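> Just the structure for this:
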Amino acid sequence: MTIYHESVGSGVPVLFIHAGIADSRMWDPQFESVPEGFRYVRLDLRGSGNSNFDGTTYANHDDVLSLMDHLSIESAIVVGCSMGGDTALEIAETAAGRASGLVLIGASAPEFKPPEDDFEPPQWSEAVAAQQRGDEERVAELEAEMWMVGYGRTVEDVDRNLIEFVIEMNRLPAASGRRREEVRAKPDLKSVTGLDVPTLVVVGEHDYRDLRAASEFLAQQLSDRGPVVIEGAAHLPSLEQPEIFNRALEDFLAGLR
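Residues are numbered from 1 along each chain as shown. Predicted coordinates for the structure are as follows:
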């Protein structure tokens, strides 16, 4: 199994793990300007981008740790969005010392029960139907719209070029079947709250309400500050509002020198 990766810069490793609907290209705006003293590394998880999927069971956090070993990275600041944020938490919980810092973007929280919420994205029922009939292209389109629009906006409020970019990235994950074979570490609340790792929690203003609530919870448990809320963004704030996100990230990194 080969995991595609690339790196830019030199110094303290910062490892970027993409969302489930994307691949490593979602970090393009971050890789355009790497702060001095840091080495940015990004990868395609298996079944995404340039990393193939062979149909066997796997664990994303194990794949990332194996890549770190391959690159002789003992520890890294791990930046993860959505599924990538969940993977970052799994790395910190299962491999002591390998995550020297965490940046969790739109991540879920172990054992967190969000408040009751009856909101359903308008694309949801059609996405489920498309999945059931095996229409992978339509699934990719609807998932991209659903996560890029988020809560409190319509599809007309979002740059269509960004939606098309996410559709392109999401085609392979939607078709590969790798989501059915992933094994999760599923850290519990006690193990996560016991982490002594500098943590920045980020969430988009228009992300879904359960994930905004989860971000508040993660910040309370892991950080000495509340989550950074990125205005004018939903589930992929680093892609939708890169300048604002980059400032928050670089301020956090500067504090870890």
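> residue contacts, residue 112?
The contact partners of residue 112, by CB atoms under 8 Å, 6 or more residues apart in numbering, come to 189, 213-214, 217-218. C-beta coordinates here come from the backbone N, C-alpha and C atoms, glycine included.
> so residue 218 makes contact with residue 203?
No: assessed by CB atoms under 8 Å, residue 218 is found out of contact with residue 203, at 9.1 Å.
> any idea which helix or strand carries residue 107?
For residue 107, there is no enclosing helix or strand under DSSP states H and E.
> That one and residue 217 touch, don't they?
No: look at residue 107 against residue 217 with CB under 8 Å: they stay out of range, at 10.3 Å.
> element containing residue 7?
For residue 7, the element it lies in under DSSP H and E is strand 5-9.
> Ramachandran coordinates for the residue nearest to the spatial centre of the chain?
Centroid-nearest residue in the chain: residue 81, 1.6 Å away (criterion: CA atoms, centre = their mean). Residue 81 adopts backbone torsions of phi -110, psi 130, taken as degrees, to the nearest 10.
> That one bridge partners, please.
residue 105 (DSSP bridges).
> so what's it up against?
Residue 81 makes contacts with 17-19, 22, 26, 105-107, 235-236, 238, as judged by CB under 8 Å, 6+ apart.
> Then residue 24?
For residue 24, the contact set (CB under 8 Å, 6+ apart) comprises 4-6, 16, 18, 42-44, 48-49.
> ok, the closest residue to it other than its chain neighbours - how many residues close by?
Take residue 24 and drop its neighbours on the chain: the residue closest to it by CB to CB, 6 or more residues apart in numbering is residue 42, 4.2 Å away. Per other CB atoms under 10 Å, the neighbour tally for residue 42 reads 24.
> pLDDT score assigned to residue 42?
Looking at residue 42, its pLDDT reads 98.
> ok, it touching residue 18?
Yes: Residue 42 lies in contact with residue 18 (CB under 8 Å); the separation is 7.4 Å.
> what do the two both touch?
Joint contacts of residue 42 and residue 18 (CB under 8 Å, 6+ apart) are 24, 27.
> returning to what we had before: I'd like to know which of the contacts of residue 81 are buried.
Buried members of the contacts of residue 81, counted by 16 or more other CB atoms under 10 Å: 17-19, 22, 26, 105-107, 235-236, 238.
> Among those residues, which one sits closest to residue 89?
Closest approach between these and residue 89, by CB to CB: residue 107, at 6.7 Å.
> ok, and the closest non-adjacent residue to the closest one?
Nearest non-adjacent residue to residue 107 (CB to CB, 6+ apart): residue 85, at 2.8 Å.
> that older thread, widest-spaced pair of the contacts of residue 24?
The widest separation within those (CB to CB) is 14.0 Å, between 6 and 48.
> For these two, indicate the residue with more neighbours.
residue 48 (28 against 13).
> circling back: with secondary structure and distance to residue 169 as extra columns, can I get the buried ones among the contacts of residue 81 in JSON lines?
Below are these laid out as JSON lines (DSSP: H, G, I helix; E, B strand; the rest coil; distance: CB to CB, whole Å):
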{"residue": "17", "secondary structure": "strand", "distance to residue 169": "14"}
{"residue": "18", "secondary structure": "coil", "distance to residue 169": "8"}
{"residue": "19", "secondary structure": "coil", "distance to residue 169": "9"}
{"residue": "22", "secondary structure": "coil", "distance to residue 169": "4"}
{"residue": "26", "secondary structure": "helix", "distance to residue 169": "7"}
{"residue": "105", "secondary structure": "strand", "distance to residue 169": "16"}
{"residue": "106", "secondary structure": "coil", "distance to residue 169": "16"}
{"residue": "107", "secondary structure": "coil", "distance to residue 169": "19"}
{"residue": "235", "secondary structure": "coil", "distance to residue 169": "13"}
{"residue": "236", "secondary structure": "coil", "distance to residue 169": "10"}
{"residue": "238", "secondary structure": "helix", "distance to residue 169": "13"}
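> Much appreciated, bye for now.
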